[in-house]
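Asks: Got a sequence here, can you build the structure:
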Amino acid sequence: MSQARDRQRHRQPTWQFRKRSFGSRVEPARANDRSGPAATSSTSASALPRATHLAAAVPVLIVSCVALVALLSGAGMHWLSLLAVGPALASATSGPWGVLLVGFLAVALGVALGAHGGAPGSEQAIVLSALVAVTSASSLAGALRRRRERVLAAVRSVAETAQHALLKPVPATVGEFEVAVRYSAAAAEARIGGDLYALVSTPYGVRLIVGDVRGKGLPAVSTAALVLGVFREAAYDEPDLLDVVDRIERSLSRNLAPDDFVTAVVVGFPCARRMEVVNCGHAPPLLVRESDGVMAVEPTHPAPPLGLRALTGETPSLQVWSFADGDQLLLYTDGVTEARNHGREFYPLVERVAGHVSDDVSRTLDALHDELLAHVGGRLHDDAALLLLRRPTVAESGPADDCQTSVGRSRVIPAERQPGDDGFVGGVGELAKGAPEPITRRV
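Replies: Numbering: from 1, shown residues only. Prediction:
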């Protein structure tokens, strides 16, 4: 697998750079998805109070154990200095009032044990003064920690709002397609990262984009917001999918730094059983067919990522593939294929898709996402996005409209057009038969 991947990397254009990574995960909300954040949030919410109560009880337990050891050993004041561990630890698990309560308990036990052991008054005063000082400092630390937690909660709330504005939850059904999405941001405590996706139903059919922004942090989020905003606007306005890509390219050329770029795949379904793909330096989507298995939708004419067209002078091409009933299309980012385990082995996505594919797209992505996390040991080190789209069979959704009768569709290939005319490669007969060779048009 690694040798095959190396050969594939050698075939890729030089503009497909590796991106830096940074580290944790988050999953966005999806309608009708039991595995999304609704279930995760409810589980976390029920487990969090229980863990908080247990953590708050630890300082009290420590103080009690120290007092018990001092009482049983008869060592007098030698053990009582350890009572300061209780309020010190409470500053990390409780608020200021909780720290004061633990400190009061420690001081009371210190006085009682000192009197029981007959310790000199000066020695007791030193130990008790130390307990009071540690309790006061710990109470202040607990108050500052609570304040930082409130600020962090406010920041998370803003990030969550930004997530819903940028990566809007994708419904389980868009147009005639069944859809599922899984997204994990690598930035610790982040809700959004440099990967992007969007899926919209337009007068020209369902259109979607999956991309990956070079860089990390807020600059990457800003670029992702720009790309998604332009895509959602152009997808409704432009009949031709290549014009949608051109709109994004022009916007990025005016707003990106010279060394920034965005790899992306833009896909459109202008009519029944027809799929258009424009790949700009991104990982090839995987087309899943019952008859042919899993195949990569490799671009016949590789194009540079969005934002670099002015440097290379190369323009993207549009490929047309058949997309029959029951076919599925998986789009992903390099955070999935470049995820490594402890043995430095890449995650074998193609083999895993073939093993987990089913008629339930949500269940398929659940299995892939869980296996991906298990492969890397539970935590991803780069943003990762998975989007799976399936066309239901006729028995599930009823007959679909044909390309010639669809309203509002554009650039339909005439039946009498010959292979090779106007830059087309292949023929309509191949498309109707569902052959894997695509029709390709370049501008």
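Asks: Tell me the backbone dihedrals of A172, please.
Replies: Main-chain torsions, A172, degrees, to the nearest 10: phi -70, psi -20.
Asks: now it: how far from R156?
Replies: A172 sits at a distance of 26 Å from R156 (criterion: CB to CB, to the nearest Å). Just so you know, the C-beta spots here come from the backbone N, C-alpha and C atoms, and that holds for glycine as well.
Asks: repeat for V58
Replies: With CB to CB as the criterion, V58 and R156 are 26 Å apart.
Asks: Name the residue in these two with the higher neighbour count.
Replies: A count of neighbours by other CB atoms under 10 Å puts V58 above the other of V58 and R156, at 16 against 13.
Asks: surely that one meets L89?
Replies: Yes - in this structure V58 lies within contact range of L89 using CB atoms under 8 Å: 6.5 Å.
Asks: can you give me the mean pLDDT across stretch 125-145?
Replies: Here stretch 125-145 scores 84 as its mean pLDDT.
Asks: for it, the distance to its chain's centre please.
Replies: 42 Å (CA atoms, centre = their mean, to the nearest Å).
Asks: Just the buried residues of that stretch, please?
Replies: V127, L128, L131, V132, V134, T135, S138, S139, A141, G142, R145 (16 or more other CB atoms under 10 Å).
Asks: On the three-state scheme, the third one is what?
Replies: Translated: L131. helix (DSSP: H, G, I helix; E, B strand; the rest coil).
Asks: List the residues that contact it.
Replies: L83, A84, P87, G103, A106, V107, G110 (CB atoms under 8 Å, 6 or more residues apart in numbering).
Asks: swap the cut-off to 7 Å and go again
Replies: Counting by CB atoms under 7 Å, 6 or more residues apart in numbering, L131 touches L83, A84, G103, A106, V107, G110.
Asks: Please apply the same query to the fourth one.
Replies: With contacts taken as CB under 7 Å, 6+ apart, V132 has the following neighbours: V107.
Asks: May I ask which helix or strand of this structure has the lowest mean pLDDT?
Replies: Least confident helix or strand of the chain, by mean pLDDT, DSSP states H and E, is helix 428-433 with a mean of 34.
Asks: where do the strands sit along this protein?
Replies: 173-174, 177-184, 195-202, 205-213, 262-271, 274-280, 286-289, 293-296, 317-322, 328-332, 384-390, 439-442 (DSSP state E).
Asks: show me where the stretch 301-443 of the chain has helices.
Replies: For the stretch 301-443 of the chain, applying DSSP state H, counting those that start in this stretch gives helices covering 309-312, 334-337, 349-356, 361-376, 394-397, 428-433.
Asks: what's the closest of those to C65?
Replies: Closest approach to C65 among those (CB to CB): helix 361-376, 38.1 Å.
Asks: Check which residues of the closest one are buried.
Replies: For helix 361-376, by 16+ other CB under 10 Å, it's V361, S362, T364, L365, D366, A367, L368, H369, L372, L373, H375, V376.
Asks: Serialize these to JSON lines and add fields for distance to R352 and pLDDT.
Replies: Formatted as JSON lines, these follow (distance: CB to CB, whole Å; pLDDT from 0 to 100):
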{"residue": "V361", "distance to R352": "15", "pLDDT": "92"}
{"residue": "S362", "distance to R352": "16", "pLDDT": "92"}
{"residue": "T364", "distance to R352": "10", "pLDDT": "93"}
{"residue": "L365", "distance to R352": "11", "pLDDT": "92"}
{"residue": "D366", "distance to R352": "13", "pLDDT": "92"}
{"residue": "A367", "distance to R352": "8", "pLDDT": "91"}
{"residue": "L368", "distance to R352": "6", "pLDDT": "92"}
{"residue": "H369", "distance to R352": "11", "pLDDT": "90"}
{"residue": "L372", "distance to R352": "8", "pLDDT": "90"}
{"residue": "L373", "distance to R352": "12", "pLDDT": "88"}
{"residue": "H375", "distance to R352": "9", "pLDDT": "89"}
{"residue": "V376", "distance to R352": "13", "pLDDT": "87"}
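Asks: any low-confidence regions in the chain?
Replies: The chain contains residues with pLDDT under 70 at 1-53, 74-78, 116-120, 159-160, 163-164, 186-193, 395-443.
Asks: who touches V245 in this structure?
Replies: V245 touches V266, V278, C280, P316, counting by CB under 7 Å, 6+ apart.
Asks: again, 10 Å this time
Replies: For V245, the contact set (CB atoms under 10 Å, 6 or more residues apart in numbering) comprises 209, 231, 234, 238, 264, 266, 278-280, 303, 306, 309, 315-316, 318, 443.
Asks: and which of those is nearest L380?
Replies: The nearest one, if we look at the contacts of V245 relative to L380 and count by CB to CB, is A264, at 20.4 Å.
Asks: re earlier: who touches both of V58 and L89?
Replies: V102.
Asks: Show me what the spatially closest residue to A264 that is not a sequence neighbour is bridged to.
Replies: Spatial nearest neighbour of A264, chain neighbours left out: G211 (3.4 Å); criterion: CB to CB, 6 or more residues apart in numbering. With DSSP bridges as the criterion, G211 is bridged to L196, A264.
Asks: What of Q319?
Replies: Residues in beta-bridge contact with Q319 (DSSP bridges): V277, T440.
Asks: Test my guess that it contacts V278.
Replies: Yes - the criterion here is CB atoms under 10 Å, and Q319 meets it with V278 at 7.6 Å.
Asks: Need the residues touching each of the two.
Replies: Counting by CB under 10 Å, 6+ apart, the residues touching both Q319 and V278 are V267, P299.
Asks: Helices along the stretch 1-150 of the chain, start to end?
Replies: Under DSSP H, counting those that start in this stretch, the stretch 1-150 of the chain gives helices at 2-11, 37-73, 85-93, 96-117, 121-166.
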